[in-house]
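Undergrad: just coords:
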Ligand SMILES: Nc1ncnc2c1ncn2[C@@H]1O[C@H](COP(=O)(O)OP(=O)(O)OP(=O)(O)O)[C@@H](O)[C@H]1O
């Protein structure tokens, strides 16, 4: 049996505002696998969140899935998520119990006027056929599993009585309450300090190992990729420009953008002489895109050839890139 739980094929999700079209996600394909973490990495505005909200059918107003397929492989057979109306019973069931999402701001998921315990038990009784008492016991167990001290006391507290890191854990507890097969995490630790961030990563790693949960992690930070990823998709202006295993991407980046992202952070093992360089320029206006390779205007390898969009090139294993000059990039020329 295949370990693929969600397959995204040539997804195009566009925004329509003021009679203009923003091709926020413009032909993205990848697979999310059981027991693995796939990281989608790229700068702000590249389309990471829109990819995630397309999968969840939680797209903002004025946007829609224009083309492509999102298939969820449920126990009962494949489900075409892109064909399900966002408020359909089936989509709501999938969202709560099989595919869960956590956000940078836990208050997106937690309601300030109810206790954390109430919210988790509601989620449990709504999605699983269990009674109130069993749901309460399970909620306390979940809070405990997420490393929240004094879970019985915390159960009766409101989100504002939790610290930032604890709120993040409570949100993960809620997301994990129905044992989802897939956890989509959109920058879940950006607002937290590094110690808490490390604890949350450890927790997510535990979920992956113990429950075989598939994790899709969205981040702008290559440091997070080095910590968490089994597989990586590097995204720029709505496209995947490079993909591969974490080892392939981190050790042998083949796209100048990946290389630039890596050069912008200190990486353990890359030597103390590593020069940290921010990526020059900024992402182009989505309504006024450059011709050909979208990274062209910011790229040190730019030539005339780059005015044509490069094809997806296979490098090795599952490593692919879209760059005319990938050999030079690989050889660090
Ligand atoms: N609600 C919205 N209305 C209009 N355009 C939007 C909306 N949300 C996102 N977009 C546009 O879609 C594109 C992709 O945005 P998206 O939020 O997916 O990027 P991102 O990579 O997740 O960045 P960030 O980390 O800042 O959230 C951007 O051009 C953005 O301006």
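TA: In hand now; what should we look at? Because the structure is a prediction, the values reported are computed rather than measured.
Undergrad: contacting residues around whichever residue of the stretch 201-333 of the chain sits closest to the ligand?
TA: Going by Cβ to the nearest ligand atom, the ligand is nearest to residue 286 of the stretch 201-333 of the chain, at 4.3 Å. Any C-beta I mention is one placed from the backbone N, CA and C, and that applies to glycine too. Going by Cβ atoms under 8 Å, 6 or more residues apart in numbering, residue 286 touches 22, 23, 24, 45, 237, 238.
Undergrad: Among those residues, which pair sits farthest apart?
TA: 23 and 45 (12.3 Å; Cβ to Cβ).
Undergrad: when you check the ligand, which of the contacts of residue 286 turn up near it?
TA: 22, 24, 45 (Cβ under 6 Å from any ligand atom).
Undergrad: what distance separates the helix or strand of the chain with the lowest mean pLDDT from the centre of its chain?
TA: Lowest by mean pLDDT, DSSP states H and E among the helices and strands of the chain is helix 194-211, with a mean of 86. From the chain centre to the centre of helix 194-211 is a distance of 15 Å (Cα atoms, centre = their mean, to the nearest Å).
Undergrad: Quick one: name whatever helix or strand follows it.
TA: strand 214-219 (DSSP states H and E).
Undergrad: close to the ligand, is that following strand?
TA: No: on the criterion Cβ under 6 Å from any ligand atom, strand 214-219 is out of touch with the ligand, staying 6.5 Å away.
Undergrad: Quick one: work out the angle between that strand and helix 194-211.
TA: Taking axes from the mean of the first three to the mean of the last three Cα atoms, to 10 degrees, one finds that strand 214-219 is oriented at 160 degrees with respect to helix 194-211.
Undergrad: now strand 214-219: mean pLDDT?
TA: Taken as a whole, strand 214-219 carries a mean pLDDT of 96.
Undergrad: From the contact counts, what lies against the following helix or strand past it?
TA: For strand 214-219, the following helix or strand on the C-terminal side (DSSP H and E) is helix 222-228. Identification of packing neighbours for helix 222-228 by 3 or more Cβ pairs under 8 Å, 6 or more residues apart in numbering; DSSP states H and E yields strand 37-41, helix 194-211, strand 214-219, helix 246-251.
Undergrad: In TSV: those, plus mean neighbour count.
TA: TSV is the format used below for those (neighbours: other Cβ atoms under 10 Å):
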stretch	mean neighbour count
strand 37-41	25
helix 194-211	15
strand 214-219	24
helix 246-251	18
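Undergrad: Counting by contacts, list what the helix or strand where residue 70 lies packs against.
TA: Element membership for residue 70 (DSSP H and E) is strand 63-74. Packed against strand 63-74 by the contact rule (3+ Cβ pairs under 8 Å, 6+ apart) you find strand 4-17, strand 20-33, helix 48-56, strand 77-80.
Undergrad: Let me know the angle separating that strand from helix 48-56.
TA: Using the same axes, to 10 degrees: strand 63-74 against helix 48-56 is 60 degrees.
Undergrad: Strand 63-74 vs the ligand: in contact?
TA: No: if you take Cβ under 6 Å from any ligand atom as the test, strand 63-74 misses the ligand, and the best it gets is 6.6 Å.
Undergrad: residues in contact with the nearest residue to residue 32 once chain neighbours are set aside?
TA: Spatial nearest neighbour of residue 32, excluding adjacent residues (Cβ to Cβ, 6 or more residues apart in numbering): residue 6 at 4.2 Å. By Cβ under 8 Å, 6+ apart, residue 6 lies in contact with 31, 32, 55, 70, 71, 72, 73, 81, 99, 182, 214, 216.
Undergrad: measure residue 6 to residue 210 for me?
TA: 20 Å (Cβ to Cβ, to the nearest Å).
Undergrad: Up against the ligand, what does the stretch 1-150 of the chain have?
TA: Going by Cβ under 6 Å from any ligand atom, the residues of the stretch 1-150 of the chain near the ligand are 15, 17, 22, 24, 42, 44-50, 60, 62.
Undergrad: of those, closest to residue 244?
TA: residue 42 (14.8 Å).
Undergrad: For the closest residue to the ligand within the stretch 51-200 of the chain, the count of nearby residues, please.
TA: In the stretch 51-200 of the chain, the residue found nearest to the ligand is residue 60; the distance is 3.6 Å by Cβ to the nearest ligand atom. Neighbour count for residue 60, taken as other Cβ atoms under 10 Å: 10.
Undergrad: ok, it touching residue 53?
TA: Yes: between residue 60 and residue 53 there is a contact under Cβ atoms under 8 Å: 7.1 Å.
Undergrad: who's the residue nearest to residue 216 when sequence neighbours are not counted bridged to?
TA: Leaving aside its sequence neighbours, residue 216 sits nearest to residue 184 (Cβ to Cβ, 6+ apart; 4.7 Å). In this structure, residue 184 bridges to residue 101, residue 216 when assessed by DSSP bridges.
Undergrad: Tell me the gap between stretch 54-71 and the middle of its chain.
TA: Taking mean C-alpha positions (Cα atoms, centre = their mean), stretch 54-71 and its chain are 15 Å apart.
Undergrad: oh sorry, the question was meant for stretch 317-333
TA: 24 Å.
Undergrad: No further queries at this time; thank you.
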